[in-house]
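Peer 1: only geometry, no sequence info:
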Ligand SMILES: NC(=O)c1ccc[n+]([C@@H]2O[C@H](COP(=O)([O-])OP(=O)(O)OC[C@H]3O[C@@H](n4cnc5c(N)ncnc54)[C@H](O)[C@@H]3O)[C@@H](O)[C@H]2O)c1
Ligand SMILES: NC(=O)c1ccc[n+]([C@@H]2O[C@H](COP(=O)([O-])OP(=O)(O)OC[C@H]3O[C@@H](n4cnc5c(N)ncnc54)[C@H](O)[C@@H]3O)[C@@H](O)[C@H]2O)c1
Ligand SMILES: [Zn+2]
Ligand SMILES: [Zn+2]
């Protein structure tokens, strides 16, 4: 491993693994895999966009390392996280006669990571898998922590397993083919880690976000710090029974907005929903006299600076009522037995889990936000 | 709990649970569940046969205990273990708005246990579930140990998760509505535990099998000893990386026979395949000079006494070649990288895992068996 590669260790006892972050990791994937997992066979699961831009490079790398492999290319988009595609992926892995010790390589954004990870988790009751995240969101969030899954008719991510990868390879160069909009959306999750409990990271981002967007060392650093932040939370709470809920900062509002838009990514992608959700969470905390309005304004200013939305009315064609949004919030899976759980904050980098937030307070806040 | 109920503890650290075995447990299911798991909500998953005979009793029991519940009735038979039924079951559980702490109740034979357990394992990445096994096979085998799953186009049970139940309630009375043939098939697995490492249990079965078939205390005892035997193995090897393979006694041959019959239960049900497989495993061990031919004959005699088949040619319309069977054996998932693993024996109750059995030996043995 060269010195340019950052390494983050996810500590989960016998399920521990490394995240490598840096330039050229797709080209070195084969060698890294053989080094760490031995001479396995592999199934690459990817989507059409990623395949068009990067599949040849990955295949060449595996070939060079002597890793026999097959490839399963899925359509792009959130609707790929379905039972039908899960079944097709599982059958493709079995058709390739892979065994428990062989690997599934998730080569794509969060959609591919979630689906391929779930497939790996259920083929022969669990086979090994490797994440090669290609979107910023996947590199800083979805590829770390072992949550996998698909969507149900009744909501997003309601079906899946906890299944940790054996290795995560985040190649910072592949992000160059990602659209500006998708990059920004992933960046919202980077900001999130600063806001949860790393105020100094938030300050660093305010100064260095231009470099993060343009690539190079700052990008690698931002991804590594984000992965470390997520790894720390996951290490404390692998199965999401407590602390891991902090990662939902901005997500309760964000999910409601996504659901209201019927997950139409033309109008709103996840990270944009999270950006608006984080701005709302800070303003809501201000309203509840928990945090200063200066902090809320500063969060908003940074999100705006990078081009992310912070207000509900920035979503094209979006005219929800407060009641409608509250209904979506109550349906969100983080709502346990009708009690509203929110991630609130005492200021930048001082988030906490607030249980039993009265829904009347949420409603009043939403009414005020929508009136502006 | 009354004194008539036998209890077996499956020791798996924080995933430990009790198996209760005895008369009237369906009627007491609601009370036992509330006692142990609190006031949960429930989804009963069952099949048409079991629903016709016992659903009302279970529903009344839950109602009486104040357990709000819905019911999902599936068609009977092995083909129910499919992606399509998994999806329908998962969506039904979500439609009922069950949360992680609520329960899925698998109320049926091994088919229902495997499917409902898998569904419980993936809804919200794992919710609690309770096994109420209604076939003898399910009571002594499939409901214990946490293996769940469905079938793939490429083979049986190739897709699933390890997901332990929170409680198993084996009502010995419900077996009275089971067909004689299904009861016998389950009995083959009871015999299996004796043959693996409990010679005294095998002797007891030779003497008491009539009582086991007719019900009452001997039946309860046989089920409890079987559950204890399985619990011991599972406790040593939850994820089937070693010892648990002993439970496959008779199954390598058995699965090949089932596959050759295209899983047509009119010709062969699983337990019958296992009975023939166990007889073959003992004869094969004799041929390899591992065990005495007296022991092999005694095993055969007992299986015949209860009405189970012991020879391949007892399967109606079954004329496989040795080569054909070997092909199915090589395809079985227990075959790792082409090396043949068999459960062989040094005599009754003295089984062991034999790795690297030469396929030429297996072929020669099968040729001899088919010539007789
Ligand atoms: N498992 C978790 O812990 C977790 C956490 C957060 C989000 N998620 C899930 O992640 C998903 C969102 O992830 P996402 O934003 O990566 O979505 P995505 O996978 O749909 O990727 C976004 C778009 O970018 C394209 N793309 C990806 N990499 C590219 C590249 N290098 N070059 C060109 N195009 C590229 C994709 O084809 C897609 O069109 C959601 O389904 C969400 O539920 C999961
Ligand atoms: N998970 C495991 O560890 C494990 C172990 C062994 C077998 N299995 C699986 O178990 C399945 C076989 O189980 P099975 O033999 O119970 O099959 P099954 O569930 O199909 O039941 C057999 C038949 O008996 C009927 N039945 C069940 N209980 C009844 C009752 N009380 N009264 C009347 N009819 C009743 C069913 O409707 C069915 O027609 C297979 O799919 C096998 O792969 C799983
Ligand atoms: Zn997110
Ligand atoms: Zn069996």
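Peer 2: Good, I have the coordinates. The structure displayed is predicted, hence computed values, not measured ones. Ligands and ions are numbered 1, 2, ... in the order given.

Peer 1: Next, the contact list for residue A:282, please.
Peer 2: With contacts taken as C-beta atoms under 8 Å, 6 or more residues apart in numbering or on different chains, residue A:282 has the following neighbours: A:195, A:291, A:295, A:296, A:299, A:300, A:345. All C-beta spots, glycine's among them, are computed from the backbone N, C-alpha and C.

Peer 1: taking the residues you listed one by one, which sit in strands?
Peer 2: Of the contacts of residue A:282, the ones assigned to strands by DSSP state E are residue A:345.

Peer 1: Chain B next: which of the contacts of residue A:282 are close?
Peer 2: Judged by C-beta under 8 Å from any C-beta of the partner chain, the overlap between the contacts of residue A:282 and the neighbourhood of chain B is nil.

Peer 1: From the contacts of residue A:282, keep the buried residues only.
Peer 2: For these, a neighbour count by 16 or more other C-beta atoms under 10 Å in any protein chain shown gives the buried set as A:195, A:291, A:295, A:296, A:299, A:300, A:345.

Peer 1: doesn't residue A:280 make contact with the fifth one?
Peer 2: It stands for residue A:299. No - using C-beta atoms under 8 Å, residue A:299 and residue A:280 do not qualify as a contacting pair, with a distance of 10.3 Å.

Peer 1: so what's residue A:263 closest to, chain neighbours aside?
Peer 2: Using C-beta to C-beta, 6 or more residues apart in numbering or on different chains and skipping residues adjacent in sequence, the residue nearest residue A:263 is residue A:78, 5.5 Å away.

Peer 1: Could you give the number of residues near the spatially closest residue to residue A:205 that is not a sequence neighbour?
Peer 2: Excluding its sequence neighbours, the residue lying closest to residue A:205 (C-beta to C-beta, 6+ apart) is residue A:194, at 5.8 Å. Here the neighbour count serves as a burial measure; for residue A:194 (other C-beta atoms under 10 Å in any protein chain shown) it reads 24.

Peer 1: distance of residue A:194 from residue B:139?
Peer 2: In this structure, residue A:194 and residue B:139 are 55 Å apart, going by C-beta to C-beta, to the nearest Å.

Peer 1: interface residues of chain A facing ligand 2?
Peer 2: Proximity of chain A to ligand 2, by C-beta under 6 Å from any ligand atom, involves no residues.

Peer 1: does the residue of the stretch 51-200 of chain A found nearest ligand 2 count as helix, strand or coil?
Peer 2: With distances taken as C-beta to the nearest ligand atom, the stretch 51-200 of chain A approaches ligand 2 most closely at residue A:125, which sits 10.1 Å away. Of the three states, residue A:125 takes coil under DSSP: H, G, I helix; E, B strand; the rest coil.

Peer 1: which residues of the stretch 201-350 of chain A fall in strands?
Peer 2: With DSSP state E, counting those that start in this stretch, the ranges of strands along the stretch 201-350 of chain A come out as A:340-345.

Peer 1: Which one of the residues in it is closest to ligand 2?
Peer 2: Shortest the stretch 201-350 of chain A-to-ligand 2 distance, computed as C-beta to the nearest ligand atom: residue-wise this is residue A:239, at 22.7 Å.

Peer 1: Apart from its chain neighbours, what residue comes closest to that residue?
Peer 2: residue A:162 (6.0 Å).

Peer 1: Residues in a beta bridge with the one you found, which ones?
Peer 2: The bridge-partner assignment for residue A:162, based on DSSP bridges, gives residue A:147.

Peer 1: distance of it from residue A:237?
Peer 2: With distances defined as C-beta to C-beta, the gap from residue A:162 to residue A:237 amounts to 11 Å.

Peer 1: Which one's more surrounded, those two?
Peer 2: For residue A:162 versus residue A:237, neighbours defined as other C-beta under 10 Å are more numerous around residue A:162 (19 against 15).

Peer 1: Indicate the residue of the stretch 101-250 of chain A located nearest to chain B.
Peer 2: When distances are taken as C-beta to the nearest C-beta, the stretch 101-250 of chain A approaches chain B most closely through residue A:154, which lies 4.1 Å from it.

Peer 1: Make sure residue A:187 is actually in contact with residue A:219.
Peer 2: No - taking C-beta under 8 Å as the definition, residue A:187 is not a contact partner of residue A:219, at 10.2 Å.

Peer 1: Which residues are in contact with each of these two?
Peer 2: Common contacts of residue A:187 and residue A:219 (C-beta under 8 Å, 6+ apart): A:212, A:213.

Peer 1: Could you tell me which residues of the stretch 151-300 of chain A lie near ligand 1?
Peer 2: Taking C-beta under 6 Å from any ligand atom as the criterion, the contact residues of the stretch 151-300 of chain A with ligand 1 come out as A:156, A:157, A:174, A:175, A:177, A:178, A:182, A:270.

Peer 1: Next, the buried residues of stretch A:246-263.
Peer 2: Neighbour counts using 16+ other C-beta under 10 Å place A:246-261, A:263 of stretch A:246-263 among the buried residues.

Peer 1: Out of those residues, list just those in helices.
Peer 2: Assignment to helices by DSSP state H places the following of the buried residues of stretch A:246-263 there: A:251, A:252, A:253, A:254, A:255, A:256, A:257, A:258, A:259, A:260.

Peer 1: For my notes, please list those residues in a markdown table and give pLDDT and distance to residue B:315 for each entry.
Peer 2: Converted to a markdown table, these look like this (pLDDT from 0 to 100; distance: C-beta to C-beta, whole Å):
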| residue | pLDDT | distance to residue B:315 |
| --- | --- | --- |
| A:251 | 94 | 57 |
| A:252 | 92 | 59 |
| A:253 | 95 | 62 |
| A:254 | 95 | 59 |
| A:255 | 92 | 55 |
| A:256 | 93 | 59 |
| A:257 | 95 | 61 |
| A:258 | 93 | 56 |
| A:259 | 90 | 54 |
| A:260 | 92 | 59 |
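
Peer 1: roughly how far apart are the residue nearest to residue A:263 and ligand 1?
Peer 2: The gap separating residue A:78 from ligand 1 is 5 Å, by C-beta to the nearest ligand atom, to the nearest Å.

Peer 1: Same question for residue A:135.
Peer 2: Between residue A:135 and ligand 1 the computed distance is 3 Å (C-beta to the nearest ligand atom).

Peer 1: Same question for residue A:291.
Peer 2: Residue A:291 sits 25 Å away from ligand 1, taking C-beta to the nearest ligand atom as the criterion.

Peer 1: what do you get for residue A:292?
Peer 2: When distance is defined by C-beta to the nearest ligand atom, residue A:292 is 29 Å away from ligand 1.

Peer 1: I'd guessed that residue sits against residue A:286; true?
Peer 2: Yes - counting by C-beta under 8 Å, residue A:292 sits close enough to residue A:286 to count as a contact (7.0 Å).

Peer 1: ok, those two, which is more surrounded?
Peer 2: Per other C-beta under 10 Å, whichever of residue A:292 and residue A:286 has more neighbours is residue A:286, with 19 against 15.

Peer 1: In contact with that one, which residues?
Peer 2: For residue A:286, the contact set (C-beta under 8 Å, 6+ apart) comprises A:292, A:293, A:295, A:296.

Peer 1: can you give me the end-to-end distance of stretch A:139-156?
Peer 2: Taking C-alpha to C-alpha, to the nearest Å, the span from the opening residue of stretch A:139-156 to its closing residue is 20 Å.

Peer 1: Please read the previous query as pertaining to stretch A:77-88.
Peer 2: Stretch A:77-88 has an end-to-end distance of 16 Å (criterion: C-alpha to C-alpha).
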